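1. Predicted model and sequence follow; I will ask about them next.
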Amino acid sequence: MNFAAMNLHSILSLCAGRIFSGLRHLLCRQVFVCASLLCISPLMAQDNLLPKVGAPTGIAAKLEGSQLNKAESLPVAPPATLNSATVVLARGDVVTVTVFGRPELTATVYVSDSGTIDIPLAGEIPVMGLSPGQAAERVATAYREGDFLIDPQVNIVLAALRSQQISIVGEVVKPGRFPIDTRTSILDALALAGGITDQGEERAFILRRKEDGVDRFEIDLSDLLNAGTGQVPEMRAGDTVVVPKAQLFYVYGAVNRPGSYALRKDMTVIEAIAVAGGLTDRGSTRRVRIKRKIKGEKLDTIGVDLDDAVRAEDVINVRERIF
């Protein structure tokens, strides 16, 4: 009996030992695997071997480093600004004066008729004919010599070039003198004057003073606007834009708005009738006659086709139909 109990005890001890040994071996393997993952993961993350959450894959990942996505490398044109280095101050100009470290001295002032600007503490400072940089040095000198500031750092920025003006006359809605602040084209100038009137010609002249006289430039506005051809010259201070009165033709008879109208480039008879409001109920396109000057003197009545060109001073008579 004792011998049997001892054998059973030995068998149980052996089984328990083997089970414990197996569990310990399995536990060690799990610990080793976990430790390996903990050690390798930082290295993989550091070398970008592990994909990041939300990172592009496939073709998108290849394009990510290409030039297609490097928008910041594309050049961006700066906005147009006034070139203060080539501008001198004159009556009516507006400047902004700032002093570094003294915001209470910041001021936006006009150049007076006497050519001075009113500066806080320093008073009236003459700046006529100076560039903004030269004017800033003069203001700084006034602060130092007046014992207001020891070493002032003054900056003057041109706010508006009221002294740079052009004249626009002729057949425009609002003729007069207008300031130009930045690069101004002939189209910008005409827009300032409200555009061309109904009696204005589709061309303009720029008169520009020079030392020995005046230059005259002719601009065909019709080609410029309709075909996009021709040059768009920039205006300069002192230029004069002249819009002449257009040559006229006259329409009367069986039309809705008889009267005189501006002759446009390559205008035909049917277009002239349309400008005059078209035919009345009694008007006939087959009974159109034109009174035209021959050699600038005699008026002659001629029959025309609707596609014929209209000339200056033509008098178009639209007759009523017979039936």
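-> Looks like it arrived, so ask away.
2. Flag the shaky bits of the stretch 201-323 of the chain, pLDDT-wise.
-> 227-232, 296-298 (pLDDT under 70).
3. how about the helices of it, start to end?
-> For the stretch 201-323 of the chain, the helices defined by DSSP state H, counting those that start in this stretch occupy 221-222, 269-275.
4. Point out the other elements, helices or strands, that the shortest one touches.
-> The elements that helix 221-222 packs onto, with contact taken as 3 or more C-beta pairs under 8 Å, 6 or more residues apart in numbering; DSSP states H and E, are strand 203-210. For the C-beta atoms, the positions are set from N, CA and C on the backbone; glycine is no exception.
5. Check the longest one too.
-> Counting contacts by 3+ C-beta pairs under 8 Å, 6+ apart, helix 269-275 is packed against strand 248-253, strand 283-294, strand 315-320.
6. I'd guessed residue 251 sits against residue 259; true?
-> Yes: under the criterion of C-beta atoms under 8 Å, residue 251 lies in contact with residue 259, with a separation of 6.9 Å.
7. where's the closest residue in space to residue 116 that isn't next to it in sequence relative to residue 112, distance?
-> Taking C-beta to C-beta, 6 or more residues apart in numbering, and ignoring the residues beside it in sequence, residue 116 has residue 124 as its nearest neighbour in space, at 4.4 Å. Distance of residue 124 to residue 112, given as C-beta to C-beta, to the nearest Å: 8 Å.
8. Tell me how many other residues surround the residue nearest to residue 116.
-> Other residues near residue 124 number 13, with proximity taken as other C-beta atoms under 10 Å.
9. Specify the beta-bridge partners of it.
-> Here residue 124 sits in beta bridges with residue 118, going by DSSP bridges.
10. Can you tell me how far it is from residue 114?
-> As judged by C-beta to C-beta, residue 124 and residue 114 stand 8 Å apart.
11. and if you look at residue 173?
-> 35 Å.
12. So which of these two has more stuff around it?
-> Per other C-beta under 10 Å, whichever of residue 173 and residue 114 has more neighbours is residue 173, with 12 against 9.
13. That one is in contact with residue 190, isn't it?
-> No: using C-beta under 8 Å, residue 173 is not in contact with residue 190, being 9.5 Å away.
14. anything in contact with each of these two?
-> In the contact map built from C-beta atoms under 8 Å, 6 or more residues apart in numbering, the residues linked to both residue 173 and residue 190 are residue 196.
15. and the one helix or strand residue 189 maps to, what other elements does it pack with?
-> According to DSSP states H and E, residue 189 maps onto helix 186-192. Helix 186-192 sits against strand 165-170, strand 203-210, strand 240-243, with contacts defined as 3+ C-beta pairs under 8 Å, 6+ apart.
16. Give me the mean pLDDT for that helix.
-> The average pLDDT for helix 186-192 rounds to 90.
17. Could you pull out the buried residues of it?
-> Under the neighbour-count criterion of 16 or more other C-beta atoms under 10 Å, helix 186-192 has 186, 188-190, 192 buried.
18. Now distance to residue 132 too, for those residues, in JSON lines please.
-> Putting the buried residues of helix 186-192 into JSON lines (distance: C-beta to C-beta, whole Å) gives the following:
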{"residue": "186", "distance to residue 132": "28"}
{"residue": "188", "distance to residue 132": "24"}
{"residue": "189", "distance to residue 132": "25"}
{"residue": "190", "distance to residue 132": "30"}
{"residue": "192", "distance to residue 132": "25"}
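19. Could you export stretch 308-323 as CSV, CA atoms only?
-> These are the backbone C-alpha positions of stretch 308-323, laid out as CSV (Å, rounded to 0.1, in the frame of the first residue of the first chain):
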residue,chain,number,x,y,z
ASP,A,308,-23.4,99.1,-98.9
ALA,A,309,-21.1,101.1,-96.7
VAL,A,310,-22.3,104.3,-95.1
ARG,A,311,-20.1,107.4,-95.5
ALA,A,312,-19.7,110.5,-93.4
GLU,A,313,-22.5,113.1,-93.9
ASP,A,314,-24.7,110.6,-95.7
VAL,A,315,-28.4,111.3,-95.4
ILE,A,316,-30.4,108.1,-95.5
ASN,A,317,-34.0,108.4,-96.5
VAL,A,318,-36.2,105.3,-95.8
ARG,A,319,-39.5,105.7,-97.8
GLU,A,320,-42.8,104.0,-97.0
ARG,A,321,-43.9,101.1,-99.0
ILE,A,322,-46.5,101.7,-101.7
PHE,A,323,-48.9,98.9,-100.6
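20. buried residues in that stretch?
-> Residues of stretch 308-323 classed as buried: 308, 310, 313-318 (neighbour count, 16+ other C-beta under 10 Å).
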